[in-house]
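> Just to be clear, the model below is a prediction. Sequence and coordinates:
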2 protein chains.
Amino acid sequence: MPIYRQLVDQVEALVAGGRLRPGDTVPSVRQVAAALGINPMTVSKAWSRLEADGVLDRDRGRGMVVAVPRDREAGSLAERKAQVRPLVDQAVVRGLQLGLTPAQLQAVMKTSLEEKLP
Amino acid sequence: MPIYRQLVDQVEALVAGGRLRPGDTVPSVRQVAAALGINPMTVSKAWSRLEADGVLDRDRGRGMVVAVPRDREAGSLAERKAQVRPLVDQAVVRGLQLGLTPAQLQAVMKTSLEEKLP
DNA sequence: GTATGTGTATTGATATACTAATACACCGTG
DNA sequence: CACGGTGTATTAGTATATCAATACACATAC
């Protein structure tokens, strides 16, 4: 898995789980790059993607900040459900393929939720 | 999304949902290729991947057949749950990001399951 | 054996993705 | 203004993925 994607997933998980809250600052591109021994541009790609997804806001000259979630919550409930649907489908198909029962699959999701929410 | 991946997902969904049962035959590489106007090798790539995943068995000279699920169900329940976990996590993170509640996310999974299982 | 069906190894062309190097634009502070 | 901090546009190199063309191996029916 590409480096920048790993960074994106990591930050998204932190924000979704509430460990990073709106207004919190994120380490600078150069800090992360130096710590991981990678190119600043690679980190910038990740940060840009997070901004495009509405997870981060950029404050030029200062750094990047976790965005208020209001923007991301736009759209009706049905629309938002439709957006998650493909990902859920993928997990369901794989689960059934492995011989898991519907109840077992739902248990897995429950565990995942409990781990992410405080 | 690449052509061969679409084929893989489609067949996997059919098998997971029980619309294709063990022993059923799958259209030949050339049939599918002709029907879709693509190269037989592209279909073969998809079929090969499905074989690697244990979804299909190949019967050289005859065609490919839906495999008995015994092989795929190997492993303890915990192991199989661990395998689905990353996919579930991905869906959960995205769902929370969209502002869905845990209950709403579980409802989406329930819908997905009901649609797939007869 | 011949014919016709199956899937596929090999190769090559093309496109896309990923990372890195460089140089630049912006912002706050002294 | 100069300086040190931010993020990034641009460019280029490399790797990987995808698709297609060809030729081949295997299996069955005749």
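Cool, the structure landed. Just so it is clear, the structure is predicted and the values come from calculations on it, not from any experiment. Numbers count the residues shown, from 1 in each chain, chains lettered A, B, ... in the order given.
> Where is the longest helix in chain A?
helix A:77-97 (DSSP state H).
> List of residues touching that one?
A:73, A:75, A:104-105, A:108-109, B:9, B:12-13, B:15-17, B:53, B:55, B:72, B:83-84, B:87-88, B:90-91, B:94-95, B:98-100, B:104-105, B:107-109, B:112-113, B:116-117 (CB atoms under 8 Å, 6 or more residues apart in numbering or on different chains). To be clear about C-beta, it is placed using only N, CA and C from the backbone, and glycine gets the same treatment.
> gap between the two ends of stretch A:29-45?
Stretch A:29-45 has its terminal residues 10 Å apart, counting by CA to CA, to the nearest Å.
> List the buried residues of that stretch.
Neighbour counts over stretch A:29-45 (16 or more other CB atoms under 10 Å in any protein chain shown) mark A:Val29, A:Val32, A:Ala33, A:Thr42, A:Val43, A:Ser44, A:Lys45 as buried.
> contacting residues for the nearest residue to the third one once chain neighbours are set aside?
Closest residue to A:Ala33 in three dimensions, ignoring its sequence neighbours and counting by CB to CB, 6 or more residues apart in numbering or on different chains: A:Pro40, at 4.2 Å. Neighbour list for A:Pro40: A:Val29, A:Arg30, A:Ala33 [criterion: CB under 8 Å, 6+ apart].
> hang on, A:Pro118 in a helix?
No - assigned with DSSP: H, G, I helix; E, B strand; the rest coil, A:Pro118 falls outside any helix and is coil.
> Would you mind confirming that it makes contact with A:Gly17?
Yes - contact criterion CB atoms under 8 Å: A:Pro118 and A:Gly17 qualify, at 7.3 Å.
> So is stretch A:65-85 next to DNA strand D?
No - using CB under 7 Å from any atom of the strand, stretch A:65-85 stays clear of DNA strand D, with a minimum separation of 9.6 Å.
> Check whether that stretch comes near DNA strand C.
No - if you take CB under 7 Å from any atom of the strand as the test, stretch A:65-85 misses DNA strand C, and the best it gets is 12.8 Å.
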